[in-house]
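Engineer: can't give you the sequence, but here's the structure:
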C-alpha cells in the first residue's frame, strides 16, 4: 500500500499526476486527507475527495508515503504532528518517502535529508541549506525520492512507478500514455 497525503492548498498537478500514473501501473495507492474532512481543495480551487482520513489509516503495511507540494498545503503537512510521527517511523524503518516541489522542505525540517542528495522547487533552495542540493528533475538517495515541481511531476510519477511496479510495467504505462 502507498499513501499520498493531501492538505488544503496542495498542488493539483503534483498530486493527481502521481495518483494517476501509479494507479495505471497497478500500485495500490490511497489518498489521505490530513484535514477534518475527506474533501480537500487544491491550491487552484480543485476539490478532491480523499480515500481516507489520516486518523483512519493503518501505516504498518504501507511501503511508501508521498507528499505533494503547493505552498499552503505544504505548510499544513509540515505542521501536522501525526504526519511528523509517521515520517520519523518510516525513516527509522528505512521505508520509502517521496516529496515534490515545496514538500522536500518537510523532510529537511524533520532531519530526514541530512547527508543526502535532494532537490526542491527552485525558489526554495535555501530550505535545503547544508544538504547536497541537486538541480535535477528527480533525485533518489537511498529510499528518499525528491522532485522539483509541477513541470517535473510526470518524471517523479514514473520514477515512483519504476520503484513500486518495476521498469517493465512503468515502461508499458509510459507507452500507453504516449510518452
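Structural biologist: Nice, I can see it. Here the structure is a predicted model, which means the values were calculated and not measured.

Engineer: Under the pLDDT cut-off, which ranges of this protein? List them.
Structural biologist: Of all residues in the chain, none has pLDDT under 70.

Engineer: can you map out the helices along it?
Structural biologist: Along the chain, the segments classed as helices by DSSP state H run 12-24, 71-79, 81-92, 104-109, 153-165, 167-176.

Engineer: Is it possible to get TSV of the ones you listed that adds distance to residue 1?
Structural biologist: (Glycine included, C-beta is placed from N, CA and C.) Below are the helices of the chain laid out as TSV (distance: least, CB to CB, whole Å):
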stretch	distance to residue 1
helix 12-24	11
helix 71-79	19
helix 81-92	13
helix 104-109	20
helix 153-165	10
helix 167-176	17
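
Engineer: want to try JSON lines for the ones you listed, with mean neighbour count and distance to residue 136 as columns?
Structural biologist: Putting those into JSON lines (neighbours: other CB atoms under 10 Å; distance: least, CB to CB, whole Å) gives the following:
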{"stretch": "helix 12-24", "mean neighbour count": "22", "distance to residue 136": "16"}
{"stretch": "helix 71-79", "mean neighbour count": "20", "distance to residue 136": "20"}
{"stretch": "helix 81-92", "mean neighbour count": "15", "distance to residue 136": "22"}
{"stretch": "helix 104-109", "mean neighbour count": "24", "distance to residue 136": "12"}
{"stretch": "helix 153-165", "mean neighbour count": "23", "distance to residue 136": "9"}
{"stretch": "helix 167-176", "mean neighbour count": "15", "distance to residue 136": "18"}
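
Engineer: for those helices, which one sits closest to residue 51?
Structural biologist: Nearest to residue 51 among the helices of the chain is helix 12-24; the distance by CB to CB comes to 9.7 Å.

Engineer: which strands and helices sit next to that closest one?
Structural biologist: Applying 3 or more CB pairs under 8 Å, 6 or more residues apart in numbering; DSSP states H and E, one finds that helix 12-24 contacts strand 2-6, strand 29-33, strand 47-49, helix 153-165, helix 167-176.

Engineer: chain center to the fourth one, what's the gap?
Structural biologist: By that I understand helix 153-165. Offset of helix 153-165 from its chain centre (CA atoms, centre = their mean, to the nearest Å): 11 Å.
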